[in-house]
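Peer 1: quick one, fold the following:
(chains A and B)
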Amino acid sequence: MSLYAQYAGLLNGVLDELQSEGAIPADLDRSNVAVEPPRDPAHGDLATNAAMVLAKQARTSPRALAELIAPKLEAVHAITSVEVAGPGFINLKLSPLAWRDELRTILRTGGAYGRSEAGANERVNVEYVSANPTGPLHMGHCRGAVVGDSLARVLEAAGFRVTKEYYVNDAGAQVDTLARSAHLRYREALGARIGEIPEGMYPGDYLKPIGAALAAEFGDRHAEAPEGEWLDLFRTRAVAAMLELIRQDLALLDIHHDRFASEAELQEEGAVEAAMERLRSKHLVYQGVLERPKSLEDHDEWEPVELTLFKSTQFGDDQDRPMKKSDGSWTYFGSDAAYHLRKAQSADHLVNIWGADHAGTVKRVQAAVRALTDGRVDLDVKLVQMVRLFRSGEPVKMSKRGGTFVTLADVVSEVGKDVVRFMMLTRRADAPLDFDFAKVVEASKDNPVFYVQYAHARICSLKRKAAEAGVDEGAPADLELLDDEELALVRLAAQYPRMVESSALAHEPHRIAFYLYDLAAAFHALWNRGNDDPDRRFLNESDPQLSRARLELASAIGQIIRSGLDLMGVEAAEEMR
RNA sequence: GCACCCAUAGCUCAGCUGGAUAGAGCGCUGCCCUCCGAAGGCAGAGGUCGCAAGUUCGAAUCUUGCUGGGUGCGCCA
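Peer 2: Residues are numbered from 1 along each chain as shown, chains lettered A, B, ... in the order given. A predicted model of the protein is given here:
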């Protein structure tokens, strides 16, 4: 149980007591009562808003209620002072022994410190990347990949059961284009002169090996045959090859999905039909005609046609959405609705990580999920903004047509997995992010990756030196030797479990990165005390007892940095090079 | 036209689902250090949280309406 949860429990006990004494009414709603660290440390170690939240219900003033609660908290051994402040906050100062206990807890719990049961074993399906299987991943996919994967790790640490999923769009026109592009490379491999890759085909060289493989397998059997004879075959082969490519790209970032769900299979199995029938039985499907799209210019042609529509407007969407095209095939949305139903059948919560350019489709999918699950399952869509690439301040030029887009593999091979993963989490997902190839590898304080890694490396080097100096890591330490500044670091460390929990519940993994930066900064500050005053160094050769105690503190901080980095999918560096 | 996202220090951004005197890095100013416990340190100035109402004990955070920027809008995927 986290420190804050412990004191929340304590407070609850106090409220129970007041209740049984008849000092406050019995049926108070305590759901908004919080025990938190105050933003301003001068206000103490812990603060609760209980008096303010409950005063109205208890028909009294916040301060009067606070005065009832305060004396009972004062009686608690580990609490050294209780103060009613401001509009009715109750501020608590904890005795140093409470922080020493917490330090021992961190050390004892190790990598499990920060993990919790907040998720109550509920099932969350996180869908991310889901790039079309038509080529290697590029930088645009990279951020969503990292955000999704880190979120999955954070959710798991917070006690959710997580499925990491990739939706493979292998049913649309783009995979036919892929198949035709592969056919072109196949003919090329057989010696045909194909010249420029025509407009509308995929030009990338990555299709050459597929063409060669197809040529090796089938000879010239399909070279001059009509498309109908080879399209399905080539599509299947090309998609499989692209998925393999994508898996390899993801593996570079240490990302491994649990499931790759195929849109084509979904359609073949009749899942889309079934989902639509389900909606139909709820009277949410009808034949209708869409309005002329507002994005069209006046001279653009537009023919109203009758389509099979889903009444998404009943769930807050701007217009009803087609599930079936006029030729009878499914729309993307039709499959997507069925896909989300399938995910919802084995999950309590759905999370999708999408590029911000898909913002327009959020409402319809949420509408479908609500309609199909009768509101049992919620869908949160995290929209991830663009990454702008720079090299020493100069924008990196990219054009898809010219094939000069920066691939994920390029970036990882240039700066490394850890740098990429960390940097992708240094902004809120819905804010655009600048990525400068030069700055992200810079060894300086304004590079958060370096700064956090450096803190961990310092701690490792400290341990190595302590071992050389004969300070025995296994020996018992007298934590009473730690001073207030040192215990202040424990206070910050003790917030880690709350960070993990809030980051999981809010679906915001970037909070871990910011927290680690703060923790690293506090550690470096403490470390720097030793520059002026050698007595304040962590390793103090004239005082092995003190060194032992400080080593314990450093160890705990190192542990938390490691755990936090692990949630981000970043290795903690043992030393800097 | 409509929908979604965004607007916080000169710049780039945090702000822990409504808490107290709004934070960090860069830049700026001042002082210290030139030390392999290296890849600097300490301190300071800097704000009408886009604007205006509302909700309540309390709003950067929630609601509404504006303003300004971004993204998107088809039977595409």
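
Peer 1: contact residues of the stretch 451-577 of chain A facing RNA strand B?
Peer 2: Proximity of the stretch 451-577 of chain A to RNA strand B (Cβ under 7 Å from any atom of the strand) is limited to residues A:454, A:457-458, A:462, A:465, A:495, A:498-499, A:502, A:505-508, A:510-511, A:514, A:517, A:521, A:524-525, A:527-531, A:537-540, A:575-576. Yep, even glycine has a C-beta here, placed from its N, CA and C like the rest.

Peer 1: residue A:133 belongs to a helix?
Peer 2: No - counting by DSSP: H, G, I helix; E, B strand; the rest coil, residue A:133 falls outside a helix, being coil.

Peer 1: can you map out the helices along the stretch 401-550 of chain A?
Peer 2: A:408-415, A:417-424, A:448-468, A:484-493, A:496-505, A:510-532, A:544-568 (DSSP state H, counting those that start in this stretch).

Peer 1: packing partners for the fifth one?
Peer 2: Pointing back at helix A:496-505 there. helix A:3-20, helix A:139-157, helix A:510-532, helix A:544-568 (3 or more Cβ pairs under 8 Å, 6 or more residues apart in numbering; DSSP states H and E).

Peer 1: could you rerun that using 6 Å?
Peer 2: Counting contacts by 3 or more Cβ pairs under 6 Å, 6 or more residues apart in numbering; DSSP states H and E, helix A:496-505 packs against helix A:139-157, helix A:510-532.

Peer 1: is there any residue in whichever helix or strand residue A:337 is part of that contacts RNA strand B?
Peer 2: For residue A:337, the element it lies in under DSSP states H and E is helix A:332-344. Yes - judged by Cβ under 7 Å from any atom of the strand, helix A:332-344 comes into contact with RNA strand B at A:332, A:333.

Peer 1: now do that helix: which elements does it pack against?
Peer 2: helix A:263-268, helix A:271-281, helix A:362-373.

Peer 1: give me that answer again for 8 Å
Peer 2: strand A:123-127, strand A:259-262, helix A:263-268, helix A:271-281, strand A:321-324, strand A:349-355, helix A:362-373.

Peer 1: could I get those as JSON lines with mean pLDDT, distance to residue A:333 and mean neighbour count?
Peer 2: Output for the helices and strands packed on helix A:332-344, formatted as JSON lines (pLDDT from 0 to 100; distance: least, Cβ to Cβ, whole Å; neighbours: other Cβ atoms under 10 Å):
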{"stretch": "strand A:123-127", "mean pLDDT": "97", "distance to residue A:333": "16", "mean neighbour count": "24"}
{"stretch": "strand A:259-262", "mean pLDDT": "97", "distance to residue A:333": "16", "mean neighbour count": "16"}
{"stretch": "helix A:263-268", "mean pLDDT": "96", "distance to residue A:333": "12", "mean neighbour count": "18"}
{"stretch": "helix A:271-281", "mean pLDDT": "96", "distance to residue A:333": "10", "mean neighbour count": "17"}
{"stretch": "strand A:321-324", "mean pLDDT": "94", "distance to residue A:333": "5", "mean neighbour count": "22"}
{"stretch": "strand A:349-355", "mean pLDDT": "95", "distance to residue A:333": "14", "mean neighbour count": "22"}
{"stretch": "helix A:362-373", "mean pLDDT": "94", "distance to residue A:333": "6", "mean neighbour count": "21"}
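
Peer 1: identify whichever of these lies nearest to RNA strand B.
Peer 2: strand A:321-324 (4.1 Å; Cβ to the nearest atom of the strand).

Peer 1: restrict that closest one to CA atoms and write it as CSV.
Peer 2: The C-alpha trace of strand A:321-324 is given here as CSV (Å, rounded to 0.1, in the frame of the first residue of the first chain):
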residue,chain,number,x,y,z
ARG,A,321,-22.1,7.0,-41.1
PRO,A,322,-22.2,4.4,-43.9
MET,A,323,-21.3,0.8,-43.1
LYS,A,324,-21.8,-0.5,-46.5
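
Peer 1: what is the neighbour count of the residue in the stretch 101-250 of chain A that RNA strand B sits nearest to?
Peer 2: Closest residue of the stretch 101-250 of chain A to RNA strand B, Cβ to the nearest atom of the strand: residue A:172 (2.8 Å). For residue A:172, the number of neighbouring residues by other Cβ atoms under 10 Å comes to 17.

Peer 1: please apply the same query to residue A:175.
Peer 2: 24.

Peer 1: touching, it and residue A:235? I think so.
Peer 2: Yes - counting by Cβ atoms under 8 Å, residue A:175 does reach residue A:235; the two are 5.4 Å apart.

Peer 1: one step back: any of the residues of the stretch 451-577 of chain A next to RNA strand B buried? List them.
Peer 2: A:454, A:457-458, A:462, A:495, A:498-499, A:502, A:507-508, A:510-511, A:514, A:517, A:521, A:527, A:537-540 (16 or more other Cβ atoms under 10 Å).

Peer 1: where does the residue nearest to residue A:50 when sequence neighbours are not counted land in three-state SS?
Peer 2: What sits nearest to residue A:50 in space, not counting adjacent residues and going by Cβ to Cβ, 6 or more residues apart in numbering, is residue A:33, at 4.7 Å. Three-state assignment for residue A:33 (three-state DSSP): coil.

Peer 1: near RNA strand B, which residues of the stretch 101-250 of chain A are found?
Peer 2: A:132, A:169, A:171, A:172, A:173, A:174.

Peer 1: whoops, I mixed them up, the stretch 301-450 of chain A
Peer 2: Checking the stretch 301-450 of chain A against RNA strand B by Cβ under 7 Å from any atom of the strand, the hits are A:303, A:305, A:307, A:318, A:321-322, A:325-327, A:331-333, A:356-363, A:383, A:385, A:427-428, A:430-434, A:443-446.

Peer 1: what's the ChimeraX syntax to select whichever of the residues you listed are buried?
Peer 2: With 16+ other Cβ under 10 Å as the criterion, this ChimeraX line picks the buried residues out of those:
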select /A:307,321,322,331,333,361,362,363,383,385,427,428,433,434
